[in-house]
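**Student:** No letters, just coordinates:
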C-alpha cells in the first residue's frame, strides 16, 4: 500500500515538474534562437538587440526602470481599484433591477467598442497630463471584464439553493449576500485576473499620449534615441508587472475561496 502511494506521489511530482520545465525550456529555446539569429545575420543593435544586451541594459538601467515601473504600477492599481469599486456595485444593481440592466448594458458594451486610443487625447485634455488620465484609461479597460463577469456570476447561482433560502424566509439582501455573491466569486475573480493583466494597456496608452514618467513614457523616450535595448527592457518590466499582479490575484482568489482548494489540487495533479 505504501509502495503504491509513494509511486503515485512520485508521478504527481514528475507531472508538476514537467509543467514547470517545459515552459522554461521553450523560453530558453526561443531566446537561444533569437540570440543566434541576431549574431548570425549581423542585425544592427538599434533594430533588434540580442537578449544578452537586453539583460545587460536591465541591470545597468535598473534605477531608471524601477522608477518608471513604480509610476505605471500606481496607475494600474488605482485604475483597477476604480473599476472594481464602480463595476461590482453596478453589476449588482443591474442584476437586482432588470430595468437598470436594460438601461446600462448597451453603454457597458459600447465602452469597449471605442478604441482607447481614440478617446485617450480627450481624457488627457479633460483630466490633464498627470496620473488622473492614466487611472481613468486603465479603469476603462478593466471595467468591462469586471461588470460582465460579476453579472454572469450572479445569474449563474443555483436556483434550488435560492428557493431553499426563500422557503426559510431569507430576505432579498440575505440571499444576495449569503448565496449569490459567494456563488459569483469565481466569475468575479476571473474578471479581476483578466482586468489586472490588461490594465497595463490603459496605463501605457495614457503615458504614450502624454506623460512625464512611466514605462510607456520611457519606451517613447528610448525609442526616439534608438535605445532599442532599453525599450525591450521596459517591455520586459511591463510583462513581469502584469504576470506578478496576475499571480497575486490568483493567490487572493485561493484565499477568498478555500472551498475550491481541492479543485486547484486536482488541476495540479492532471
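**Tutor:** Structure received. None of the values given here were measured: they were computed from a predicted structure.

**Student:** Remind me which helix or strand the closest residue in space to residue 79 that isn't next to it in sequence belongs to.
**Tutor:** Spatial nearest neighbour of residue 79, chain neighbours left out: residue 138 (2.5 Å); criterion: C-beta to C-beta, 6 or more residues apart in numbering. Quick note: C-beta positions are derived from backbone N, CA and C, even for glycine. Element membership of residue 138 [criterion: DSSP states H and E] is helix 131-155.

**Student:** In this structure residue 58 contacts residue 234, no?
**Tutor:** No: using C-beta atoms under 8 Å, residue 58 is not in contact with residue 234; the gap is 9.5 Å.

**Student:** pLDDT below threshold where in this protein?
**Tutor:** The model of the chain has pLDDT under 70 over residues 1-19, 260-270.

**Student:** List the contacts of the residue nearest the centre of it.
**Tutor:** Among the residues of the chain, the one closest to the centroid is residue 197, at 1.5 Å (C-alpha atoms, centre = their mean). Shown in contact with residue 197 (C-beta atoms under 8 Å, 6 or more residues apart in numbering): 242, 245, 246.

**Student:** Do I have it right that the first one meets residue 201?
**Tutor:** Spelled out, that is residue 242. No: between residue 242 and residue 201 there is no contact under C-beta under 8 Å: 9.5 Å.

**Student:** How about residue 161, nearest residue that isn't a chain neighbour?
**Tutor:** Using C-beta to C-beta, 6+ apart, the closest residue to residue 161 is residue 179 (5.6 Å).

**Student:** how close does that neighbour sit to residue 170?
**Tutor:** With distances taken as C-beta to C-beta, to the nearest Å, residue 179 is found 8 Å from residue 170.

**Student:** ok, residue 129 - how many residues close by?
**Tutor:** 15 (other C-beta atoms under 10 Å).

**Student:** check which helix or strand covers it.
**Tutor:** Judged by DSSP H and E, residue 129 forms part of no helix or strand.

**Student:** Look up the closest residue to it, ignoring the ones flanking it.
**Tutor:** That would be residue 210: by C-beta to C-beta, 6+ apart, it lies 4.6 Å from residue 129.

**Student:** Relative to residue 197, how far out is the one you found?
**Tutor:** With C-beta to C-beta as the criterion, residue 210 and residue 197 are 24 Å apart.
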